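Peer 1: No letters, just coordinates:
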């Protein structure tokens, strides 16, 4: 079954499952870096917020051998878990005084998001752009995020610098920033997998890794480990850590979710580091999570991040 046939059968299944309850629509959705996913929206009667399920990953599950009926069961569970059955009042989003403490920063690649950036307020940051979103919470649907578009920004009647400074402060205060030895991150993952899998290979690798001399390589992300690359906007965090190491910092963008920090006084060649970043991006990072192939340097004398 090709993707078009998969889509048609999926839509048919959903229309039968939610007959009389919801309208089913299929559309292309532009995600980060211009990646287009095929989304199915389920608009329940009398409800103004509708869940969208993306078919691309479900189709991959099908190609990996999962039975189509199992894929449909999985999809229906996702919809039922996300569905809101009552109308939700989100008019408060249009009042900046109500939103100013919830606005957060996100870093994305500028070149790969040119079309997207035309529709949202943003601030240039080297070869990246800072865009904004808000966290909302409601008893009806739990928590979620909403992208700040030009329409919202115009209604708020504030200047871009006010939005940027408020969002940076909120991002620091609400999501924080954690710097961890990369070995500690790896050991934590190995330990988690050991408890889950319990096989000899994980046990051996864990023992070989645990207690070894730590390399001067650190992971910077936020406490929820989502969209944590924005932590490099926190110059106080970078300044304190650079003083702790008595060195400028090289910053390697792993993804939109985290970066790697290296002390610049260890003699690393920025060009070699850039080649490492490109290789990892090409082989390990999903297209929607890609941030940049560049290497950055935090200068502790100026307190600024620049291209290395």
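Peer 2: Sure, I can see it. Please read these numbers as outputs of a predicted model, since none were measured by experiment.

Peer 1: Now the residue nearest the centre of the chain. Nearest residue, chain neighbours left out?
Peer 2: With distances taken as CA atoms, centre = their mean, the chain has residue 227 as the residue nearest its mean C-alpha position (3.9 Å). Spatial nearest neighbour of residue 227, chain neighbours left out: residue 106 (5.1 Å); criterion: CB to CB, 6 or more residues apart in numbering. The way it works is simple: take the backbone N, C-alpha and C, and place the C-beta from them, glycine included.

Peer 1: what's the neighbour count on residue 96?
Peer 2: Residue 96: 17 surrounding residues under other CB atoms under 10 Å.

Peer 1: Identify the residues contacting it.
Peer 2: By CB atoms under 8 Å, 6 or more residues apart in numbering, residue 96 lies in contact with 156-158.

Peer 1: Show the buried residues in the residues you listed.
Peer 2: Buried subset of the contacts of residue 96 (neighbour count, 16 or more other CB atoms under 10 Å): residue 156.

Peer 1: Closest to residue 37 out of the contacts of residue 96?
Peer 2: In terms of CB to CB, no member of the contacts of residue 96 lies closer to residue 37 than residue 156, at 29.2 Å.

Peer 1: Read off the pLDDT value for the closest one.
Peer 2: Residue 156 is assigned 94 on the pLDDT scale.

Peer 1: Dihedrals phi and psi, the nearest residue to it once chain neighbours are set aside?
Peer 2: Among residues not flanking residue 156 along the chain, residue 96 sits closest, at 3.8 Å (CB to CB, 6+ apart). Main-chain torsions, residue 96, degrees, to the nearest 10: phi -60, psi -30.

Peer 1: Could you do residue 13 as well?
Peer 2: Dihedral angles for residue 13 - degrees, to the nearest 10 - are phi -60, psi -40.

Peer 1: what do you get for residue 263?
Peer 2: Taking degrees, to the nearest 10, you get phi -70, psi 130 for the backbone angles of residue 263.

Peer 1: Kindly report the same for the one 10 residues further on.
Peer 2: The phi and psi torsions at residue 273 (degrees, to the nearest 10) take the values phi -60, psi -40.

Peer 1: That one - nearest residue in space that isn't next to it in sequence?
Peer 2: Excluding the flanking residues, the one nearest residue 273 by CB to CB, 6+ apart is residue 295, at 4.7 Å.
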